[in-house]
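Asks: Output the structure for:
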Amino acid sequence: MFTTRPELAGTHGMVASTHWLASATGMAVLEDGGNAFDAAVAAGFVLQIAEPHLCGPAGQVPGIFVTATDRTPRVLAGQGVSPAAATPEYFANLGLDLIPGSGLLPATVPGAWDGWLLLLRDHGTKSLREVLGYAISYARNGIPLVSRVGDTIRAVRDLFTGHWPTSAALWLPDGKPAEGLHRNPALADTWERLVAEAESVSGREAQIDAGRRAWSQGFVAEAIDAFSRKAFRDDSGRDHAGLLTGEDLAGWEATYEDALQVDFGDWGLVKMGAWTQGPALLQQARLLDGLRDELSYVDGIPTERTVHLAVEAAKLAFADREAWYGDSPDVPIDLLISREYAETRRALITEEASAELRPGGPSPRLPAILEKLRGLESGSGATGEPTVGPLGETRGDTVHIDVVDAAGNMISVTPSGGWLQSSPTIPELGFCLDSRGQMFWLEQGLPNSLAPRKRPRITLSPSMGLRDGEPVLAFGTPGGDQQDQWQLCFWLAHTLGGLNLQESIDSPAWHTTAFPSSFYPRSWTPRELVVESRLGQSTMDALAARGHDVVDAGPWSLGRLSAVSRDGDGLLRAAANARGMQGYAAGR
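Replies: From the prediction side, this is the model:
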């Protein structure tokens, strides 16, 4: 864990992310006079080339941030909407009861480019060329691929060679999975052309806006439109063309939104709105706040009762997620995160592990298909979200970045989507589309039901913590549905267990799969509890005795958390995940 004080000569800030090259890039930008937002944008683009199995140029970027002059947390809403042609009737005519997790059908409007550039324009100081240059260099000259990229390509090799030839050309050179130093010249060309078109006008902000138009109304949108008219295999087992059009891209822009905040004494927790799963962390924290006297850590390890109560709180919160969350105007979010509602829900937590999905609130409704999906296993081939498997093995997931600078600018972002295995590569652009649309339900009448030009309820869920009303902490993790469970592990360890940032990240983690997955084929396993074995055998045995189906995921396997903080005295800290030996925290 790194620590420094802004008053020290040469202090710039802290960067923590899921890949060492992104953290190094962010620090290079800070040391070159950039602020936290410049650093986050540059790091985000590098992650698109460094972790292409976890995020890509056509993905999305949701974030929470504060500026040095405005301490009210705001949301960066960089998640695109469904195509205008994405109607439930269209999918019904295809004979589908779930949206596939791969291919062209689940694509939403790419949100990452416009989201990053909106943030850069309004809160950064650097030019588009300055922040994008690092990623362009890696794409042109090569970047060392982590072994997990090769593992991912091997998992979908037959799909690439048999059905997605453009992906095979990029990711199976000479018929072998890409490894070592990998180049993506087509992506470098795309980025350089975007910069060149941006620089056809004068002024930093005008150039950034020109770069946004070159994507959504120019050659990128044209290429996406043309490619989406072709049919490719997806994990329904059939070939389908896409629905995304250039008009869809031209009609959408990233925006800012108000954040949600819940206070617990001197601590406050900030999340995004109910079009994400973020409020589930607020609900879990509310439930457990009334059980504080029963929660404890011993030598940095949570007690058995702490884990049990946290898991049961998660089941209740995520049942509400399934019944109530979505990009819908009538989500009763004020009720769901209220202290009074938590008190009524807390009474449902008993000494035994629950096997029920129990949403609360006024007349909750769950998807009718859920019982059919219980215990369903994902097939081979196209994998949808490459998230954590039922045994806790990390097949990949997404990425995360936290940055704080000496002035007090702070941001937590969780970019994702556009994974190399999610959709066939568009050859002239050097990247593929996302598959976030798989998160919609085709059944109508639900908050997360599919509708044209609507955002899917995403799992991406950055976080911010306040102390006495002052933003002091930015944190998050990849991990699909597990994000707001692993972040709960961190939050409890830090705010209740008194562990520092690195100790809180390193503390043994857990999660349950006792609610529907957000990813195709949307399975769930009542009572399953996945834990790191460092909890201790006696704790695992006691949890099993309560009725939990305990799965030992090994000692260091769950979560890819990172965090940065800035206390009231201006002391800066950063920490990153040791699991996988890939995350990195840096500061000066």
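Asks: how about the nearest residue to the residue most central in space within the chain, chain neighbours excluded?
Replies: With distances taken as C-alpha atoms, centre = their mean, the chain has Leu460 as the residue nearest its mean C-alpha position (3.1 Å). In this structure, Leu460 finds its nearest non-sequential neighbour in Thr414, 4.4 Å apart by C-beta to C-beta, 6 or more residues apart in numbering. Every C-beta, even on glycine, is put in place using the N, C-alpha and C of the backbone.
Asks: For the one you found, the count of nearby residues, please.
Replies: 31 (other C-beta atoms under 10 Å).
Asks: Point out where this protein drops to low pLDDT.
Replies: Filtered on pLDDT under 70, the chain yields the residue ranges 2-11, 377-396.
Asks: hmm, back to that, which SS class is the residue nearest to the centre of the chain?
Replies: Three-state call for Leu460 (DSSP: H, G, I helix; E, B strand; the rest coil): coil.
Asks: Straight-line length of stretch 461-475, end to end?
Replies: Stretch 461-475 stretches 10 Å from its first residue to its last (C-alpha to C-alpha, to the nearest Å).
Asks: no no, stretch 544-555
Replies: 18 Å.
Asks: What residues sit buried inside stretch 93-112?
Replies: Residues 96, 98-112 are the ones in stretch 93-112 that count as buried (16 or more other C-beta atoms under 10 Å).
Asks: Can you tell me how far Val15 is from Arg212?
Replies: 25 Å (C-beta to C-beta, to the nearest Å).
Asks: more neighbours, those two?
Replies: Comparing Val15 with Arg212 by neighbour count (other C-beta under 10 Å), the higher total belongs to Val15, at 34 against 23.
Asks: Now name the helix or strand holding the closest residue to the more buried one other than its chain neighbours.
Replies: Counting by C-beta to C-beta, 6+ apart, Val15 lies nearest to Gly26, which is 3.6 Å off, once chain neighbours are set aside. Here Gly26, judged by DSSP states H and E, is contained in helix 20-31.
Asks: Pro185 contacts Arg140, doesn't it?
Replies: Yes: if you go by C-beta atoms under 8 Å, Pro185 and Arg140 touch, sitting 6.4 Å apart.
Asks: out of those two, which sits in the more crowded spot?
Replies: Neighbour count, other C-beta under 10 Å: between Pro185 and Arg140, Arg140 has more, with 17 against 13.
Asks: Is that one located within a helix, as I assumed?
Replies: Yes: applying three-state DSSP, one finds Arg140 inside a helix.
Asks: who's in contact with the closest residue to it other than its chain neighbours?
Replies: Distances taken as C-beta to C-beta, 6+ apart place Ala188 nearest to Arg140, at 4.0 Å, with adjacent residues excluded. Contact partners of Ala188, counting by C-beta atoms under 8 Å, 6 or more residues apart in numbering, are Ile136, Ala139, Arg140, Gly430.
Asks: one more time with 7 Å, if that's ok
Replies: The contact partners of Ala188, taken as C-beta atoms under 7 Å, 6 or more residues apart in numbering, are Ile136, Ala139, Arg140.
Asks: between these, which is closest to Asp567?
Replies: Ile136 (36.6 Å; C-beta to C-beta).
Asks: Give me the phi and psi for Glu528.
Replies: phi -70, psi 130 (degrees, to the nearest 10).
Asks: Kindly report the same for Thr161.
Replies: The phi/psi pair for Thr161 (degrees, to the nearest 10) is phi -70, psi -30.
Asks: on that earlier part again, ok, the buried residues of stretch 93-112 vs Phe37, which is closest?
Replies: Ala112 (15.0 Å).
Asks: now the closest one: how far from Gly568?
Replies: 34 Å.
Asks: Equivalent analysis for Asp506, please.
Replies: Asp506 sits 25 Å away from Gly568, going by C-beta to C-beta.
Asks: Kindly report the same for Trp171.
Replies: 48 Å.
Asks: So what would you say the end-to-end distance of stretch 325-335 is?
Replies: Using C-alpha to C-alpha, the two ends of stretch 325-335 sit 12 Å apart.
Asks: quick one: buried residues of it?
Replies: For stretch 325-335, by 16+ other C-beta under 10 Å, it's Tyr325, Gly326, Asp327, Ser328, Val331, Pro332, Ile333.
Asks: Regarding the residue nearest to Glu294 when sequence neighbours are not counted, what are the backbone dihedral angles?
Replies: In space, and not counting its chain neighbours, Glu294 is closest to Arg305: 5.8 Å by C-beta to C-beta, 6+ apart. Note on Arg305: its backbone torsions stand at phi -70, psi -40 [degrees, to the nearest 10].
Asks: how deep is Arg305 tucked in, by neighbour count?
Replies: 17.
Asks: In the stretch 301-450 of the chain, mark out all the helices, start to finish.
Replies: 304-324, 333-336, 339-346, 370-373 (DSSP state H, counting those that start in this stretch).
Asks: Next, the angle from the longest one to helix 339-346.
Replies: Yep, that's helix 304-324 we're talking about. Relative orientation of helix 304-324 and helix 339-346, computed by axes from the mean of the first three to the mean of the last three C-alpha atoms, to 10 degrees: 110 degrees.
Asks: circling back: pick out whichever of the buried residues of stretch 325-335 sits closest to Arg358.
Replies: Tyr325 (15.5 Å).
Asks: Distance check, that closest one against Pro415.
Replies: Taken as C-beta to C-beta, the span from Tyr325 to Pro415 is 21 Å.
Asks: Same check on Ala280?
Replies: 20 Å.
Asks: and stretch 176-183, how far out from the chain's middle?
Replies: 25 Å (C-alpha atoms, centre = their mean, to the nearest Å).
Asks: cool, stretch 77-92 as well?
Replies: 20 Å.
Asks: got a list of contacts for that stretch?
Replies: With C-beta under 7 Å, 6+ apart, stretch 77-92 has contacts from 60-62, 99, 108-112, 114-115, 243-245, 248, 252, 254-257, 437, 442, 444, 450, 452-455, 458.
Asks: got the buried residues for stretch 125-142?
Replies: 126-136, 138-140.
Asks: which residues touch that stretch?
Replies: 25, 29, 34-35, 38, 41-42, 45-46, 48-50, 120, 181-185, 187-188, 191-192, 195, 198, 204, 207-208, 211.
Asks: quick one: which of those sit in strands?
Replies: Using DSSP state E, Leu181, His182 are the members of the contacts of stretch 125-142 that sit in strands.
Asks: Show residues contacting stretch 355-375.
Replies: 97, 316, 319-320, 322-324, 332, 335-336, 341, 345, 348, 441, 443, 445-446, 515-516, 521-527.
Asks: From Leu30, how far out is Glu352?
Replies: From Glu352 across to Leu30, the span is 50 Å (C-beta to C-beta).
Asks: neighbour count winner among these two?
Replies: Applying other C-beta under 10 Å to Glu352 and Leu30 shows that Leu30 carries more neighbours, namely 26 against 13.
Asks: out of everything not next to it in sequence, what's closest to the more buried one?
Replies: Leu30 sits nearest to His12 (C-beta to C-beta, 6+ apart), 3.9 Å away.
Asks: and what of Met464?
Replies: Nearest one to Met464, counting by C-beta to C-beta, 6+ apart, is Val270 at 4.0 Å.
Asks: where do the helices sit along the stretch 51-200 of the chain?
Replies: 88-93, 112-123, 128-141, 147-155, 157-162, 165-171, 185-198.
Asks: Of those, which is nearest Asp70?
Replies: Per C-beta to C-beta, nearest to Asp70 of those: helix 112-123, 9.7 Å.
Asks: which helices and strands sit right next to that closest one?
Replies: Using 3 or more C-beta pairs under 7 Å, 6 or more residues apart in numbering; DSSP states H and E, the elements in contact with helix 112-123 are helix 36-50, strand 61-66, strand 74-78, helix 204-216.
Asks: Going by neighbour count, list what's buried in it.
Replies: Those would be Ala112, Trp113, Asp114, Gly115, Trp116, Leu117, Leu118, Leu119, Leu120, Arg121, His123, for helix 112-123 by 16+ other C-beta under 10 Å.
Asks: Also stretch 206-215?
Replies: Gln207, Ile208, Asp209, Ala210, Gly211, Arg212, Ala214, Trp215.
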